[in-house]
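**Student:** Take a look and give me a structure for this.
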Amino acid sequence: MTFYQRWIHKRERKLTLRDPHRKIFPFDWGLEWVRNSHNPGSTDPLTYLKEYAERVLSDSDAFFKPPPIVDCAVKDNLLTMATPTPSPHPENNTVYCRLFPARGSKKAVIVVPQWNADPQSHVRLCQVFKRLGITALRLCMPYHEQRLPSNMKRADYMVSPNIGRTVHATRQAVLEVRQLVTWLKEQGYEQIAVVGTSIGSCVTYLAFVHDPSICTAVFNHVSSFFADVVWTGLSTRYIRWGLDGHISLKDLRQCWAPISPFFFIDRLKTGSRPHLLITAKYDLTFRPELTEKVLHQYQSHNIPHQRISLPCGHYTIATFPFSYMDGWHMCRYLIGQLSGHA
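**Tutor:** Numbering: from 1, shown residues only. The predicted structure follows:
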């Protein structure tokens, strides 16, 4: 390990300790989050969740198909609508999106920030997109910001040791992104892109592979299996501690297969939609070996894409100078793709 790599890793560990509100939540199978009247309830929880995941993978188009938009309104550049998959938490059931309209533009990008993003996260990026002539729509993800239940300090219901709730929350975000695509098309936008960071990258990837009307994308951090990120990641170690002793990584990977990008890569084999993969060389959360599994699949299937590897980690990508490098690559790529000159 080089001195530079040790320095980045030290900064990563220091940055992850800034949040004093992390805590270990109890393990729960969360079957109530994925059951419906057509599902049998007699099998044990692990078997049930594995079978549920297999059914989803066999017809993921239906699983990620959004219903019509309900109660949509725009006021003072804030778009609100009812979530397509309500939860027992009323605060979470209204979707909030900040709108950054570029006058006269027919190009738009949906921006999905990282887990536990604060209200200002990615706002400057959206403002840059607007100045570049691209309307930006920033999604507040489930259990974040205004959608945070009153008894919570962090978005721990989005990703947690509750297996079913994590599937529900991730699917909820994917459906919301796809509804925003529909709304933008209804407003006359002709070219629509998505940009996602960290778990936002996972959410936008699932939306991208299931929605051919999204013309291009930028995935900021890239990983293969949802379970492996939680199991091995620096920022998710508190979740791992809640899972320990209750489920193995192999079983967790199967249960969370419906929200893992790896299982949907082959859907891009027959298409030619361009997209950019941005990775961090010294990432301790989306670890390089998990990124390499994705890149190997891309090479095996000859999927057209571009990749940028930045000399930083998962947290340091948001610090100077890496944040400027990251933003420059995203903006440069989307300008080229949405202008038709890439």
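
**Student:** I figured residue 121 hits residue 114, correct?
**Tutor:** Yes - with contact defined as C-beta atoms under 8 Å, residue 121 reaches residue 114; the gap is 7.0 Å. To be clear about C-beta, it is placed using only N, CA and C from the backbone, and glycine gets the same treatment.

**Student:** Tell me which of these two has more neighbours.
**Tutor:** residue 114 (24 against 18; other C-beta atoms under 10 Å).

**Student:** What ranges in the stretch 1-150 of the chain fall below the confidence cut-off?
**Tutor:** Counting by pLDDT under 70, the stretch 1-150 of the chain has low-confidence residues at 36-42.

**Student:** 50 instead?
**Tutor:** Applying pLDDT under 50 to the stretch 1-150 of the chain picks out residues 37-38.

**Student:** Just the strands from it, written as ranges.
**Tutor:** 73-75, 78-82, 94-100, 107-112, 135-139 (DSSP state E, counting those that start in this stretch).

**Student:** Taking strand 135-139 as reference, get the angle to the fourth one.
**Tutor:** What it means is strand 107-112. Strand 107-112 runs at 20 degrees relative to strand 135-139, counting by axes from the mean of the first three to the mean of the last three C-alpha atoms, to 10 degrees.

**Student:** And for strand 107-112, what's in contact with it?
**Tutor:** For strand 107-112, the external contacting residues (C-beta atoms under 8 Å, 6 or more residues apart in numbering) are 122, 125-126, 129, 133-139, 141, 173, 177, 180-181, 184, 189-197, 200-201, 203-204, 334, 338.

**Student:** Over to residue 179. Which of the three states is it?
**Tutor:** helix (DSSP: H, G, I helix; E, B strand; the rest coil).

**Student:** and it, how far is that from residue 104?
**Tutor:** Residue 179 is 24 Å from residue 104, where distance means C-beta to C-beta, to the nearest Å.

**Student:** The two - which one has more neighbours?
**Tutor:** residue 179 (23 against 7).

**Student:** Give me the spatial nearest neighbour of the more buried one, chain neighbours excluded.
**Tutor:** Spatially, and ignoring its direct neighbours in sequence, residue 179 is nearest to residue 66 (4.7 Å; C-beta to C-beta, 6 or more residues apart in numbering).

**Student:** In this structure that neighbour contacts residue 175, no?
**Tutor:** Yes - with contact defined as C-beta under 8 Å, residue 66 reaches residue 175; the gap is 4.5 Å.

**Student:** shared neighbours, the two?
**Tutor:** Joint contacts of residue 66 and residue 175 (C-beta under 8 Å, 6+ apart) are residue 84.

**Student:** And the contacts of strand 107-112, which of them are buried?
**Tutor:** 122, 125-126, 129, 134-139, 141, 173, 177, 180-181, 184, 189, 191-197, 200-201, 203-204, 334, 338 (16 or more other C-beta atoms under 10 Å).

**Student:** re the thing from before, look up how far residue 91 lies from the residue nearest to residue 179.
**Tutor:** Distance from residue 66 to residue 91, by C-beta to C-beta: 21 Å.

**Student:** ok, those two, which is more surrounded?
**Tutor:** For residue 66 versus residue 91, the count of surrounding residues by other C-beta under 10 Å is larger for residue 66: 19 against 14.

**Student:** quick one: contacts for the more buried one?
**Tutor:** 84, 175, 176, 178, 179, 182.

**Student:** Now residue 217. Its backbone dihedrals?
**Tutor:** Here is the backbone geometry of residue 217 (degrees, to the nearest 10): phi -160, psi 160.

**Student:** And for the nearest residue to it once chain neighbours are set aside, the neighbour number?
**Tutor:** Spatial nearest neighbour of residue 217, chain neighbours left out: residue 275 (4.2 Å); criterion: C-beta to C-beta, 6+ apart. Residue 275: 24 surrounding residues under other C-beta under 10 Å.

**Student:** if I look at residue 275, how far off is residue 240?
**Tutor:** Taking C-beta to C-beta, one finds residue 275 at 30 Å from residue 240.

**Student:** ok, now residue 88?
**Tutor:** On the measure of C-beta to C-beta, residue 88 and residue 240 end up 26 Å apart.

**Student:** Who has more neighbours out of those two?
**Tutor:** residue 240 (16 against 10).

**Student:** returning to that earlier point: of the contacts of residue 66, buried ones?
**Tutor:** By 16+ other C-beta under 10 Å, the contacts of residue 66 give 84, 175, 176, 178, 179, 182 as buried.

**Student:** Closest one of those to residue 149?
**Tutor:** When the buried ones among the contacts of residue 66 are compared for distance to residue 149 (C-beta to C-beta), residue 176 wins out at 17.5 Å.

**Student:** Now that closest one: closest residue in space that isn't a chain neighbour?
**Tutor:** Per C-beta to C-beta, 6+ apart, closest to residue 176 is residue 95, 5.3 Å.

**Student:** isn't that neighbour right next to residue 86, touching?
**Tutor:** No - the pair formed by residue 95 and residue 86 falls short of the contact definition of C-beta under 8 Å, at 10.9 Å.

**Student:** Settle it for me: which of those two has more neighbours?
**Tutor:** residue 95 (26 against 12).

**Student:** Please give me every residue in contact with the more buried one.
**Tutor:** Contacts of residue 95 (C-beta under 8 Å, 6+ apart): 79, 80, 81, 82, 83, 139, 140, 147, 176, 179.

**Student:** Nothing else from me, thank you.
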